[in-house]
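*Asks:* Got a predicted structure plus its sequence, pasted below:
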Amino acid sequence: MQRSRASSTSSGRLQASQQVQPLDAPKIIVIHPGSQHLRIGRACDLNPLTLLHAVAYKRKHQEGDWPYHDPMLPSLDNINPAQLQVEFEEQRLIASRILQNCVIDDKQRLRVATPPQQLAHFNRKSVAEKIPPPGNLSEERNRQWLDRGASVLFDEQILRLSTFDARDYDIHFPIQRGELNVHRQKGGSLQCTLQHMERIWSYALEARLKIHLRDLRSHSAVLVVNDVYVRRHLREFMSLLLQRLGFQRCFLVQDSVASTYGAGIGFGCVVDIGAQKTSIACIEDGISQLHSRVRLQYGGGDINQVLLMLLRKCGFPYRECSVQDSYVDARLMDKLKERFCHLNAKVCGAQEKQFHLRKQNGQWLRYTLQVGDEAIMAPLAFFHTELLNITGKARKALTQQPPQEQYDCEDCFDAEYLRETGRKNGARGADASVAPHLNQPRPLPPITADDEELNVVDQDDQPMSNGMAMGGHGQKHFTDTTNGIYQYGQGQVMPLDQAVLEAIGRCASSETKRKMYGSILLVGSSAKIPGLAAWLQSCISQQVQPGIEVNVFTKGMDAGMVAWKGAAIMSVLESARELWITQVDWNRHGLRLLRERSPFLW
Ligand SMILES: Nc1ncnc2c1ncn2[C@@H]1O[C@H](COP(=O)(O)OP(=O)(O)OP(=O)(O)O)[C@@H](O)[C@H]1O
């Protein structure tokens with residue numbers, strides 16, 4: 001490890017009460033939970049299992065009880081759907097003009113647009129054809145598509161729930177937009193959310209990894225957590241792993257730090273684009289730089305919604321598609337995006353595509369359609385973020401408050417708690433003349449009940465200033481406040497390139513900034529969109545001072561697994577031994593251990 005916690009623990013601090021056992025990769029379980037997927041596996045595995053991070057409980061149909069469904073894709077903003085359509089169309093035209101200005105070859109020829117009306121002419125006439133079940137699916141398995149007898153469904157079984165079938169289940173995704181999905185509706189309390197998580201992880205361990213839960217006491221766990229975290233939630237994760245699931249020991253690692261290990265780089269700006277969130281953090285010497293961290297509330301799921309809207313504009317032949325109610329349709333949009341979308345300006349013109357779909361009655365259908373600029377315009381929404389307004393205009397940018405400004409009433413070693421309760425010269429509370437450092441202004445109060453450690457920046461909340469992000473020029477769009485909060489424009493969703501420029505601009509020295517520009521690592525499954533790295537590189541290059549080298553890259557491995565692999569590598573390092581927190585120690589010392597041992601500033 002680049003940074004040893006041993007060097008930062010004083011002699012008077014905690015010593016492990018148990019001798020650390022030899023490292024044994026098959027007995028270490030690495031867990032990376034996300035908004036859509038859970039990645040889990042043994043540290044010795046080449047790749048983790050990837051399964052849907054959701055659970056569906058069969059409902060008892062009772063009077064007054066309605067099914068509860070967390071959507072798989074971010075919901076459309078339905079405050080004023082008609083207005084939304086009009087605004088979307090305006091933005092589509094602007095994006096189309098941007099694309100037409102793209103030079104596609106050495107002869108400086110410009111890109112030719114494919115108008116949706118031209119595609120609609122073909123698509124509206126396209127009729128679905130009945131086809132037999134795909135080759136490897138027997139008639140028998142096609143009939144038993146869904147296990148209707150099971151009281152709980154996981155993974156693929158949830159993805160087979162149509163609008164009709166879903167009515168029999170309460171469906172929960174315990175993480176949404178990268179954060180624990182705590183809400184006021186059915187099954188939305190913090191304890192319920194943790195219970196959903198426990199059910200999914202237990203299923204993955206027992207049914208998929210074939211590890212009995214009672215054997216977990218001889219296993220260790222590494223949990224990959226967000227860079228921008230809520231301390232209270234991390235505490236709950238520790239209890240879930242050590243007390244509820246019963247792992248022998250565990251440690252937590254931030255996802256950007258794990259990604260640098262997975263990619264084999266010593267430093268870099270990690271841009272993680274997942275299903276529902278994008279997080280950015282600059283890593284140096286194994287530490288995620290506090291001020292550079294930001295989590296943006298958009299990801300691949302929002303691109304699915306943009307794609308569907310664009311396809312509808314050109315006569316999408318599967319007219320009943322309802323991603324809000326049907327998990328089959330949400331899954332279909334994932335697949336279509338993964339197959340069609342790209343950010344390669346040289347690819348233009350209409351292309352004929354096909355997709356298959358199983359109907360509720362077991363009949364398979366084949367749809368044929370033509371796709372043109374929709375395929376490039378949907379992912380362009382990462383840069384032209386006005387297109388993302390359909391899934392919410394008032395999008396929040398989340399940064400993390402420094403540790404000394406975080407107040408945790410259950411942490412009896414919390415700096416604020418000690419300040420409030422400490423006795424100086426026999427008096428409660430400190431006198432400014434005696435201990436001026438203890439009389440600092442009180443930290444900001446919690447922002448929300450659950451997210452007290454997050455700086456939640458509602459993009460409409462703050463006045464504009466001329467705050468200039470360093471590194472680039474022409475970035476006059478950021479509000480810069482004293483505690484590291486920033487926002488983009490007058491409430492717009494922050495474009496990806498601007499967010500990266502701002503994150504790097506917040507690094508301490510120009511040397512560090514220069515290093516970061518030269519090493520921008522793209523991870524998360526949405527980073528697999530062909531051409532994304534080159535597009536981002538080109539956008540950033542145009543905005544930095546001349547002479548600064550910009551390098552945006554992915555590693556030659558599944559971008560969605562980089563963080564998991566990094567955590568697996570870390571877990572077996574000799575230098576990671578001091579990070580482990582045993583069940584016995586956690587029961588005895590609790591939170592204090594996270595302060596002492598976590599590989600990031602608690
Ligand atoms: N080849 C691909 N091309 C484009 N997008 C892809 C590809 N493969 C997967 N995706 C998209 O990546 C998203 C899932 O990403 P990932 O599994 O990293 O998210 P997550 O970790 O579950 O969520 P989050 O990081 O938002 O909490 C989905 O929107 C999926 O459609």
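*Replies:* Nice, I can see it.

*Asks:* Neighbours of whichever residue of the stretch 201-350 of the chain sits closest to the ligand, how many?
*Replies:* Nearest residue of the stretch 201-350 of the chain to the ligand: residue 274, at 1.9 Å (C-beta to the nearest ligand atom). (Glycine included, C-beta is placed from N, CA and C.) Here the count is done by other C-beta atoms under 10 Å, and residue 274 has 26 residues near it.

*Asks:* pLDDT below threshold where in the stretch 451-600 of the chain?
*Replies:* Scanning the stretch 451-600 of the chain for pLDDT under 70 picks out 451-487, 489-491.

*Asks:* Pull up the gap between the closest residue to the ligand within it and residue 190, please.
*Replies:* Proximity of the stretch 451-600 of the chain to the ligand (C-beta to the nearest ligand atom) peaks at residue 525, 3.2 Å away. As judged by C-beta to C-beta, to the nearest Å, residue 525 and residue 190 stand 27 Å apart.

*Asks:* now swap in residue 198 and tell me
*Replies:* Between residue 198 and residue 190 the computed distance is 13 Å (C-beta to C-beta).

*Asks:* how many other residues sit next to residue 248?
*Replies:* Neighbourhood size, residue 248 [other C-beta under 10 Å]: 19.

*Asks:* on that earlier part again, run through the residues that contact the residue of the stretch 451-600 of the chain closest to the ligand.
*Replies:* By C-beta atoms under 8 Å, 6 or more residues apart in numbering, residue 525 lies in contact with 37, 273, 274, 275, 300, 558, 559, 560.

*Asks:* The fifth one is in contact with residue 275, isn't it?
*Replies:* Yes: with contacts defined as C-beta atoms under 8 Å, residue 300 counts as touching residue 275 at a distance of 5.1 Å.

*Asks:* Would you mind confirming that residue 218 makes contact with residue 27?
*Replies:* Yes: with contact defined as C-beta under 8 Å, residue 218 reaches residue 27; the gap is 6.4 Å.

*Asks:* Tell me which of the two has more neighbours.
*Replies:* More neighbours surround residue 27 than the other of residue 218 and residue 27, with 18 against 13 (other C-beta under 10 Å).

*Asks:* how far away is the spatially closest residue to the more buried one that is not a sequence neighbour from residue 28?
*Replies:* Spatial nearest neighbour of residue 27, chain neighbours left out: residue 219 (5.1 Å); criterion: C-beta to C-beta, 6 or more residues apart in numbering. Distance of residue 219 to residue 28, computed by C-beta to C-beta: 7 Å.

*Asks:* surely residue 250 meets residue 224?
*Replies:* No: when contacts are counted by C-beta under 8 Å, residue 250 is not listed as touching residue 224 (11.5 Å).

*Asks:* surely residue 554 meets residue 533?
*Replies:* Yes: between residue 554 and residue 533 there is a contact at 5.6 Å, judged by C-beta under 8 Å.

*Asks:* any idea where the helices of the stretch 451-600 of the chain begin and end?
*Replies:* Counting by DSSP state H, counting those that start in this stretch, the stretch 451-600 of the chain has helices at residues 496-505, 510-517, 532-541, 562-571, 583-589, 592-597.

*Asks:* The ligand contacts on the stretch 301-450 of the chain?
*Replies:* By C-beta under 6 Å from any ligand atom, the residues of the stretch 301-450 of the chain that approach the ligand are 301, 334, 337, 338.

*Asks:* Now, these that are in helices?
*Replies:* 301, 334, 337, 338 (DSSP state H).

*Asks:* could you dump those residues to JSON lines with neighbour count, distance to residue 184 and pLDDT?
*Replies:* Formatted as JSON lines, these follow (neighbours: other C-beta atoms under 10 Å; distance: C-beta to C-beta, whole Å; pLDDT from 0 to 100):
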{"residue": "301", "neighbour count": "27", "distance to residue 184": "22", "pLDDT": "98"}
{"residue": "334", "neighbour count": "22", "distance to residue 184": "28", "pLDDT": "98"}
{"residue": "337", "neighbour count": "22", "distance to residue 184": "31", "pLDDT": "98"}
{"residue": "338", "neighbour count": "14", "distance to residue 184": "34", "pLDDT": "98"}
